[in-house]
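Chemist: how does the following fold in three dimensions:
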Amino acid sequence: MIEAAVPPGLQIFSDAELAAMEAGADGVDARARAGCLPQACFQTTLARGGGLKRTKLFFGARCAPGGYAHGLHMVA
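Modeler: The predicted structure follows:
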């Protein structure tokens with residue numbers, strides 16, 4: 001699931017567009033897990049049992065040391 005700042009029910013994106021965005025986000029997530037992105041560009045949170053709870057991906061200023069920006073929040 002991808003959380004976005006779009007109120008539910010507006011149907012701004014088609015099912016195909018949402019699927020394409022999710023596939024793109026999955027690709028970025030895979031590159032982060034493979035160590036292909038700077039550590040400052042993503043953050044993972046583990047559940048109490050040790051499994052992955054969520055991954056946050058950050059783009060823009062946060063990827064630079066000391067910077068912050070909004071990102072993409074993926075929930076497992």
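Chemist: where along the chain do the strands fall?
Modeler: 2-3, 42-46, 52-58, 71-75 (DSSP state E).
Chemist: pLDDT below threshold where in this structure?
Modeler: 1-8, 60-76 (pLDDT under 70).
Chemist: where do the helices sit along it?
Modeler: Under the criterion DSSP state H, the chain carries helices at the ranges 15-33.
Chemist: what's the neighbour count on residue 11?
Modeler: Neighbours of residue 11 under the rule other Cβ atoms under 10 Å: 9. For the C-beta atoms, the positions are set from N, CA and C on the backbone; glycine is no exception.
Chemist: for it, give its distance to residue 22.
Modeler: 16 Å (Cβ to Cβ, to the nearest Å).
Chemist: same check on residue 45?
Modeler: For residue 45, the distance to residue 22 - Cβ to Cβ - is 19 Å.
Chemist: and residue 14, by the same measure?
Modeler: 13 Å.
Chemist: ok, the two, which is more surrounded?
Modeler: residue 22 (13 against 9).
Chemist: any idea how far that one lies from residue 13?
Modeler: 10 Å.
Chemist: and what of residue 28?
Modeler: 18 Å.
Chemist: ok, now residue 19?
Modeler: If you go by Cβ to Cβ, the gap between residue 19 and residue 13 works out to 9 Å.
Chemist: for residue 47, list the residues it contacts.
Modeler: residue 53 (Cβ atoms under 8 Å, 6 or more residues apart in numbering).
Chemist: next up, phi/psi of it, please.
Modeler: phi -80, psi 170 (degrees, to the nearest 10).
Chemist: ok, it to residue 54 distance?
Modeler: 9 Å.
Chemist: and if you look at residue 18?
Modeler: Distance, residue 18 to residue 54, by Cβ to Cβ: 19 Å.
Chemist: list the buried residues for stretch 30-38?
Modeler: Going by neighbour count (16 or more other Cβ atoms under 10 Å), the buried part of stretch 30-38 is 32, 37.
Chemist: ends of it, how far apart?
Modeler: Length of stretch 30-38, first residue to last, Cα to Cα, to the nearest Å: 13 Å.
Chemist: got a list of contacts for that stretch?
Modeler: Residues from elsewhere that reach stretch 30-38 (Cβ under 8 Å, 6+ apart): 28, 41-42, 55, 57, 63.
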